[in-house]
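J.: sequence plus the predicted model coming up.
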Amino acid sequence: MKVIIVGVGTTAMIVADIILESHNFKLAGFVGTSEEEKVLRSSNVHHDIPFLGDRGIIHRLNEGDISGFVCAIGDVYIREKAFYECSEAGLTPVNVISSKALINPDVSLGKGVVISPGVIISHGVKIGDNVIFDPAVVMDVNASVSSHCYISSGVVLSGGCVIQKNVALGAGVIVDNRVKVGKNQKIAAGTIISESLEGLYRKESA
């Protein structure tokens, strides 16, 4: 299957490396913003993989031989919007999983999930759609992460904890056992969360 990566930043480079190493998909190119197109038009983003254009071209991609996508954008709201744009255009979200990750066989995975090298995911874990795990994340038994979350490097999600929709956890965050982090929370790097946090209203749309 030929796929695109939506995004051209550091997360996109991690995703590209996983795809190129695994050979599960053929990487057709990258799609970005109109500002990125001004800089990257007609150039290669990663090795010989080209920049295809801004997100305005998404609805035309399935007219050719591109049928899959993965969103590699750090901002959870922009990534959520891009995920639905691609899905509504008839493209299929694919899971990009490093061979250097350790994943229990009974883990429930959504669509469009990115799992980077060094990630450890334990028994009974549930993961929603369009979630990104940076390198060296640990998810303990029966933890769950809802759709469109971004889990940065070194995060530890302890047993039974619940991460709701559109949460961004900075590098090295630790969430204690059975703690719930409500939707739209953005947690600073190095924070230890020992008590549940209520969800926040989304102040503005991406």
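T.: That came in fine, so what should we check first?
J.: centre-most residue in this protein?
T.: residue 132 (2.6 Å; CA atoms, centre = their mean).
J.: any idea what that residue is bridged to?
T.: Partner residues in beta bridges with residue 132, using DSSP bridges, are residue 114, residue 150.
J.: could you double-check that it sits in contact with residue 75?
T.: No. Applying CB atoms under 8 Å, one finds residue 132 not in contact with residue 75, separated by 10.9 Å. For glycine as for every other residue, the C-beta is placed from the backbone atoms N, C-alpha and C.
J.: what packs against the strand or helix carrying residue 18?
T.: Assigned by DSSP states H and E, residue 18 belongs to helix 10-22. Under the contact criterion of 3 or more CB pairs under 8 Å, 6 or more residues apart in numbering; DSSP states H and E, helix 10-22 touches strand 2-6, strand 26-32, strand 44-46, strand 96-97, strand 114-115.
J.: and these, which one is worst for confidence?
T.: Confidence, taken as mean pLDDT, is least for strand 44-46 of the helices and strands packed on helix 10-22 (a mean of 88).
J.: let me see the residues that make contact with it.
T.: 8, 12, 13, 16, 29, 30, 50, 51 (CB atoms under 8 Å, 6 or more residues apart in numbering).
J.: and for the closest residue to the third one other than its chain neighbours, the neighbour number?
T.: Translated: residue 13. Distance criterion CB to CB, 6 or more residues apart in numbering; nearest residue to residue 13, sequence neighbours excluded, is residue 46 at 6.0 Å. Using other CB atoms under 10 Å, residue 46 has 19 neighbouring residues.
J.: cool, and residue 56?
T.: Using other CB under 10 Å, the number of residues around residue 56 comes to 12.
J.: check for me that residue 80 belongs to a helix.
T.: Yes. Counting by DSSP: H, G, I helix; E, B strand; the rest coil, residue 80 is found in a helix.
J.: still on that earlier bit, among the contacts of strand 44-46, which two are most distant?
T.: 13 and 50 (14.6 Å; CB to CB).
J.: could you check how far stretch 161-177 is from the centre of its chain?
T.: Stretch 161-177 sits 14 Å away from the centroid of its parent chain (CA atoms, centre = their mean, to the nearest Å).
J.: run through the bridge partners of residue 32.
T.: Residues in beta-bridge contact with residue 32 (DSSP bridges): residue 54.
J.: quick thing: my sequence starts at 653, can you match it?
T.: Sure, I'll start numbering at 653, so the last one becomes residue 684.
J.: isn't it up against residue 709?
T.: No. Between residue 684 and residue 709 there is no contact under CB under 8 Å: 10.4 Å.
J.: so for the two, which residue has more residues nearby?
T.: residue 684 (23 against 13).
J.: now that one: how far from residue 705?
T.: 8 Å (CB to CB, to the nearest Å).
J.: what's the answer for residue 655, then?
T.: 15 Å.
J.: the more surrounded of those two?
T.: The residue with more neighbours, out of residue 655 and residue 705, is residue 655; 23 against 20, by other CB under 10 Å.
J.: in which helix or strand does residue 689 reside?
T.: helix 686-692.
J.: that older thread, residues contacting the helix holding residue 670, please?
T.: 655, 657, 659, 677, 679, 682, 697-699, 701, 722, 724-726, 748-751, 766, 768-769, 784, 786-787.
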